[in-house]
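Colleague: Dropping a prediction and its sequence here:
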Amino acid sequence: MRRLAAAFLAATVATLVLAAGSALAGTGGSTGIAPLRPTIGTAVAFDKSPPLRNMRMIAPGAGQQAWVKQMATDRSLVGRVANTTHQRDGALQNGAAPNSMPAPLFTFNGPNNVDNLNIFGFRVNPPDPNGDVGQHNYVAMVNLTFAIYTKTGGLLYGPADTGTLWQNFSVPDCTDPSGDPVVVYDEISNRWILTQFTTRGPEYFNCVAVSTTEDPLGSYYRYAFSTGEFFPDYPKYGLMPDGLYITTREFGPTIEYQIGVYAINRHQLVEGDPNPTVVSFYLVDGVDPLYLLGDGILPADLDGKRMPPPHSPEYFAGTQDDDYAYGAPFDAINWFAADVDFAHPASSTFGLTAQLPTAPFDSNYPCAPTSRDCLPQPGVVNPAQYLDILSYRQRPTFRLQYRNFKTYESLVTNQSVEAAPGIAGVRWYEIRNPQNPVIYQQGTYAPSDGVNRWMGSVAQDKNGNLAAGYSVVNGTDVYPGIRYAGRLAGDPTGQLSQGEATLQNGAGSQLTTNSRWGDYTALTVDPRDDCTFYYINEYYPVTNIVNWQTVIGAFKFPSCR
């Protein structure tokens, strides 16, 4: 019955995508996209799992094979793009700030690639480190395992094959080691949401597990949401009071490309309703200018105890660069809104609401011999072993954090850029008044010390202090490692004025020739005090073909209490 429902939903999606596409008005990006018509659906499979603590953890294998599995994700829409002259960054902060960032409160090891070797018999690249912090726990997910900790790093479960959570589910694809995991902690209901996509095909799914209590070792409501014959690459999640929002960059069986936007009724999810309402929209290549779609958009993700104003839409951000192949006329943040009415889902709308010109930035980094061979490492002389910056992906990187500060609403995000010729930096943004959005401040953090900073994640605490976590490397003496920088709410705008601190120094280089580094990381905020930042990222403890380790660390600004 569930498979028949899935097939029906897939056919319905395909039909309505075409209908929506034919009704859209391409506007060249200057005045927006005509509102999209929604597709209404539900889950194609549902059950309630036994308590996770009682479920059989899939046993480690012998670990005899040492080969590396490259994750089948993050497809490119274009081939190699020739690099042009560097475009000067219009928001560059290249001077060293005073070293006032607080030191880590503690760090602890997260899942690593030896876990993959022991469980599956192969290593994985990239890890895509992700996690979130709750009232009592931290949950980490990587390609292809997950683990549950106390908030100070005591290991309670795992690392285990992500499929452990999905065993005996009616959609067996969800038990596959597929990847692109995202963890979301619902601090409204104190529930954990653990996710991954599927890659088996020919029908694809977003698999979503929602804890039935605040205990991540307890039982879960398990859902599968079909995307039909479209592979839902790079799924990103944002939680708001009304819904769980998912965005994907989707590839059809031949050359089709679209951005999928999914809104799932949050109340039904946490209550274990087997038929939650799903409202979907599709931005289709060939109808919308490609630079508006880019390589994905991020949904806003709520932090803090103050909810958005009543009847607020959900917000989404994308970016575009006039120096890249998609034909953008200027550098900008593309701002979208979904007004989803779960009581009357057919009345829901989604559209582009603003294009916000940014200070100039350059995302077209000079990589060679391939577009992924970008950032040099100590002791590495083969450019095919340089690290992927992923700045050429026309999208911001996880998360788009939302906060309501009572007198104003604020959203923050970031992207990797070429801050100076041959130097990677972190461009970060704060957008305020999202229904009539303005870029309140922006900056590119790249102190002039020859160190590349990229693959960032940014967030604010309850006082409006902002932090950014990211990867670092150079070609001489800085091995791939993890640092963070920040600013206090009253500091000069556009500046991470508190300087930089080290979460984890690297001690080795990655030698795989596919150059893949993580596609995203996660900076989250402890919901208990709304002050303490938790950050997960990867580093190398020794030089190896692909032997990454993840680290989770916590820090907070002393002024936040």
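Modeller: Received the coordinates, thanks. Predicted, not measured: the structure shown is a model, and the values here were computed from it.
Colleague: Strands along the stretch 351-500 of the chain, start to end?
Modeller: Listed in chain order, the strands of the stretch 351-500 of the chain (DSSP state E, counting those that start in this stretch) span residues 397-404, 409-420, 423-432, 438-445, 452-460, 466-473, 481-487, 500-504.
Colleague: tell me the mean pLDDT for the last one?
Modeller: The predicted model assigns strand 500-504 a mean pLDDT of 98.
Colleague: Please confirm that residue 318 is located within a strand.
Modeller: Yes - secondary structure of residue 318, determined by DSSP: H, G, I helix; E, B strand; the rest coil: located in a strand.
Colleague: number of nearby residues for it?
Modeller: Counted with other CB atoms under 10 Å, the burial measure for residue 318 works out to 26 neighbours. All C-beta atoms are positioned from the backbone trio N, CA, C, and that covers glycine.
Colleague: How about the one 10 residues further on?
Modeller: Here the count is done by other CB under 10 Å, and residue 328 has 22 residues near it.
Colleague: where do the helices sit along the stretch 151-300 of the chain?
Modeller: Listed in chain order, the helices of the stretch 151-300 of the chain (DSSP state H, counting those that start in this stretch) span residues 266-271, 290-293.
Colleague: how about the last one as CSV, C-alpha atoms only?
Modeller: C-alpha atoms of helix 290-293 as CSV (Å, rounded to 0.1, in the frame of the first residue of the first chain):
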residue,chain,number,x,y,z
LEU,A,290,19.4,29.7,-13.3
TYR,A,291,21.2,32.3,-11.2
LEU,A,292,18.1,32.5,-9.0
LEU,A,293,18.2,28.8,-8.4
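Colleague: list the helices and strands it packs on?
Modeller: Here helix 290-293 is seen to pack against strand 257-265, strand 314-320 when contacts are counted using 3 or more CB pairs under 8 Å, 6 or more residues apart in numbering; DSSP states H and E.
Colleague: how about these in CSV, adding mean pLDDT and distance to residue 191?
Modeller: Formatted as CSV, the helices and strands packed on helix 290-293 follow (pLDDT from 0 to 100; distance: least, CB to CB, whole Å):
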stretch, mean pLDDT, distance to residue 191
strand 257-265, 97, 13
strand 314-320, 98, 19
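Colleague: Quick check: the gap between the residue nearest the centre of the chain and residue 136.
Modeller: Against the mean C-alpha coordinate of the chain, by CA atoms, centre = their mean, the closest residue is residue 398 at 3.4 Å. Distance from residue 398 to residue 136, counting by CB to CB, to the nearest Å: 24 Å.
Colleague: that older thread, quick one: the strands of the stretch 351-500 of the chain as a markdown table, columns for distance to residue 310 too.
Modeller: Output for the strands of the stretch 351-500 of the chain, formatted as a markdown table (distance: least, CB to CB, whole Å):
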| stretch | distance to residue 310 |
| --- | --- |
| strand 397-404 | 12 |
| strand 409-420 | 13 |
| strand 423-432 | 19 |
| strand 438-445 | 22 |
| strand 452-460 | 23 |
| strand 466-473 | 27 |
| strand 481-487 | 31 |
| strand 500-504 | 39 |
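Colleague: so which of those strands comes closest to residue 78?
Modeller: The closest approach between residue 78 and any of the strands of the stretch 351-500 of the chain, judged by CB to CB, belongs to strand 409-420 at 17.6 Å.
Colleague: Sheet-wise, list the partners of the closest one with their directions.
Modeller: Applying DSSP bridges to the sheet, strand 409-420 is found paired with strand 397-404 (antiparallel), strand 423-432 (antiparallel).
Colleague: out of the ones you listed, nearest to residue 300?
Modeller: Closest to residue 300 of the strands paired with strand 409-420, according to CB to CB: strand 397-404, at 4.2 Å.
Colleague: Let me know the average pLDDT across that closest one.
Modeller: The predicted confidence, averaged over strand 397-404, sits at 98.
Colleague: tell me the angle of it relative to strand 466-473?
Modeller: Regarding strand 397-404 and strand 466-473, their directions subtend 170 degrees when assessed with axes from the mean of the first three to the mean of the last three CA atoms, to 10 degrees.
Colleague: Tell me which helix or strand comes right after the lowest-mean-pLDDT helix or strand in the chain.
Modeller: One helix or strand of the chain scores below all others by mean pLDDT, DSSP states H and E: helix 2-23, with a mean of 32. On the C-terminal side of helix 2-23, the nearest following helix or strand under DSSP states H and E is strand 39-41.
Colleague: Past that next one, which element shows up next along the chain?
Modeller: Next helix or strand after strand 39-41 toward the C-terminus (DSSP H and E): strand 45-48.
Colleague: Listing partners with orientation, what would you give for that following strand?
Modeller: Taking DSSP bridges as the criterion, strand 45-48 pairs within the sheet with strand 220-228 (antiparallel).
Colleague: can you give me the offset of the partner strand from its chain's centre?
Modeller: Using CA atoms, centre = their mean, to the nearest Å, the distance from the centre of strand 220-228 to the centre of the chain it belongs to is 19 Å.
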